[in-house]
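Undergrad: I'll drop the sequence and a predicted model, then ask my questions.
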Amino acid sequence: MLERRLFIKSGATVVASLALPNTYISKVFAAAGALAAHGVYSAPGLSFAAIFLADALGTWKKNGLTAEVSQVHGGPLAMAALTNGESAFAAVASSDPVISWDKGIKTQAVAVFTGSLALQATAHKDWLAKTGKSLESPIEERLKSFKGARIGVATIGGGPAQYLRYALRKVDIDPERDVTILATGFGATRMAALRTKQVDVTVGDAPEADEVTEEGFGSLFINFGHDVPEFREFAYTVLSVLPETASKNPELVRRIVHSIKDANETIHKDVEAAVNILMPVYNNKVDAKILKRAILRDQKAYTPGCLMTQAMWENNFAAALATGMISKKPPIAEGQFWTNQFLS
């Protein structure tokens, strides 16, 4: 019998998976009026804060949904879970569905978590002293100072690494020749590589830069969504479903996106509450003031209503083409690759 896998989570980490009949996952069922669905997300950063907020605030239940959401290691695995029918939805960096579309694997973005590139470069203090640059330096000078640097990213081919390459090319830095990009993993392992000077700079999600600053061995160097014009209106992290899910189970998709939208509003309406909810996600290892500072810095990136714009995707596709992530643009008009229809 063909099987699908149901992920079992402990906190924010997947610890096991159980083989279950194919029909278990593919069936959308009702229990006491609620629909049930399994979802995955690709990284533990603040870009997916609404996932954790939805769990704690009960917005799934408020919207008539029973949801189990689990972390998998990286976008490709999240996309595989989605396209193989193991999950009803996937929270991923937009580069993953964009690349998949180019390969003929069609998905549909139905909500945006962050509508600008909520990505940060964090630099070691010794490297900063050597370059003489800081967060106050013009962005062109900061990008040019990367020449010769060793830069740590989660994965070599992932969205953050690709967007870095795009930004470097804008200032005539060849990312293949002039810098060394190294895979250092997520969060703690990436920070450890910077702390021990295995790399000079890391590129990743908040609150990493604030944690490094607090520990005293480095600081925020570039906030891409603020500092690089092309990244200010940019679909960065999105919620994607299969087109057949959207067409055959529109009510399920509507409940999913409204649960995320309602959770996302907490970031704008009650930052203190959001911080208190998110602290356990990081096992209370991040100081509340650090988390609050990180959220407030990128508060505007958490798009009100989770609504997408065509400009967000135009900028996204331009970067994907320029970096060779894709050979041709997906459809830019609303209704195929992306849609806001379930958010109304």
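TA: Right, received. Where do you want to start? Numbers count the residues shown, from 1 in each chain.

Undergrad: From H124, how far out is the residue nearest to Y282 when sequence neighbours are not counted?
TA: Nearest residue to Y282 in three dimensions, chain neighbours excluded: L291, at 7.4 Å (Cβ to Cβ, 6 or more residues apart in numbering). Quick note: C-beta positions are derived from backbone N, CA and C, even for glycine. Here L291 is placed at a distance of 22 Å from H124 (Cβ to Cβ, to the nearest Å).

Undergrad: Ok, K62 next?
TA: When Cβ to Cβ is applied, the distance between K62 and H124 equals 44 Å.

Undergrad: what stretches of the stretch 1-150 of the chain score poorly on pLDDT?
TA: 1-33 (pLDDT under 70).

Undergrad: Pull up the pairing partners for the helix or strand harbouring T202, direction included.
TA: T202 is part of strand 201-204, with elements assigned from DSSP states H and E. Applying DSSP bridges to the sheet, strand 201-204 is found paired with strand 120-124 (antiparallel), strand 150-153 (parallel).

Undergrad: A319: what's it in contact with?
TA: Residues near A319 by Cβ atoms under 8 Å, 6 or more residues apart in numbering: Q162, Y163, Y166, E230, F234, M325.

Undergrad: What about these, which are in helices?
TA: In this view, those that belong to helices under DSSP state H are Q162, Y163, Y166.

Undergrad: And the residues you listed, which is closest to F342?
TA: Y163 (26.9 Å; Cβ to Cβ).

Undergrad: For the closest one, give me the pLDDT.
TA: With respect to pLDDT, Y163 scores 94.

Undergrad: again with E244
TA: Reported pLDDT for E244: 97.

Undergrad: any idea which element it lies in?
TA: helix 243-248.

Undergrad: next structured bit after that helix?
TA: Using DSSP H and E, the helix or strand that directly follows helix 243-248 along the chain is helix 250-269.

Undergrad: Would you mark the buried spots in that next one?
TA: Residues of helix 250-269 classed as buried under the neighbour-count rule (16 or more other Cβ atoms under 10 Å) are 252-267.

Undergrad: Break this structure into its domains for me.
TA: Listed domain ranges for the chain are 3-116+234-343, 120-231 (source: automatic domain parsing).

Undergrad: need the helices for the stretch 1-150 of the chain, in chain order.
TA: Ranges of helices in the stretch 1-150 of the chain, per DSSP state H, counting those that start in this stretch, are 22-26, 49-57, 59-62, 75-83, 95-102, 125-131, 139-144.

Undergrad: So which residues make contact with the last one?
TA: With contact meaning Cβ under 8 Å, 6+ apart, helix 139-144 is reached by K133, A167, L168, K170, V171, I173, F221, I222, D227, V228.

Undergrad: Pull the contacting residues for the third one.
TA: Listed by Cβ under 8 Å, 6+ apart, the contact set of L168 reads L143, F146, D174, P175, D178, V179.

Undergrad: Now rank the ones in helices among the contacts of A319 by neighbours and give me the top one.
TA: When neighbours are counted by other Cβ atoms under 10 Å, Y163 leads the ones in helices among the contacts of A319 with 27 neighbours.

Undergrad: on that earlier part again, which of the ones in helices among the contacts of A319 lies closest to T245?
TA: The closest of those, once distances to T245 are taken by Cβ to Cβ, is Q162, at 27.1 Å.

Undergrad: With adjacent residues omitted, what lies nearest to that closest one?
TA: T323 (4.7 Å).

Undergrad: hang on, the earlier thing: quick one: the helix or strand containing the residue nearest to Y282 to helix 49-57, angle?
TA: Element membership for L291, per DSSP H and E: helix 288-297. Between helix 288-297 and helix 49-57, the angle comes out at 120 degrees (axes from the mean of the first three to the mean of the last three Cα atoms, to 10 degrees).

Undergrad: next helix or strand past the strand holding T202?
TA: That would be, after strand 201-204 and using DSSP H and E, helix 208-215.

Undergrad: what residues does that next one touch?
TA: With Cβ under 8 Å, 6+ apart as the test, helix 208-215 has contacts from 45, 120, 122, 187, 190-191, 194-195, 202, 218-221, 286-287, 290-291, 293-294.

Undergrad: Now do L242 against W60, distance only.
TA: Per Cβ to Cβ, L242 is found 20 Å from W60.

Undergrad: Please apply the same query to V286.
TA: 25 Å.

Undergrad: Give me the more crowded residue out of these two.
TA: Neighbour count, other Cβ under 10 Å: between V286 and W60, W60 has more, with 26 against 19.

Undergrad: Could you pull up the residues touching the more buried one?
TA: Neighbour list for W60: A54, T66, A67, R255, S259 [criterion: Cβ under 8 Å, 6+ apart].

Undergrad: now do F234
TA: Taking Cβ under 8 Å, 6+ apart, one finds G115, S116, L117, G225, M312, N315, N316, A319 in contact with F234.

Undergrad: Just confirm K285 is within a strand.
TA: No: read with DSSP: H, G, I helix; E, B strand; the rest coil, K285 is coil and lies in no strand.

Undergrad: residues near A118, how many?
TA: For A118, using other Cβ under 10 Å, the count is 27.

Undergrad: and it, what does it touch?
TA: Going by Cβ under 8 Å, 6+ apart, A118 touches L46, S47, D205, A206, F224, G225, Y236, T237, D298, A301.
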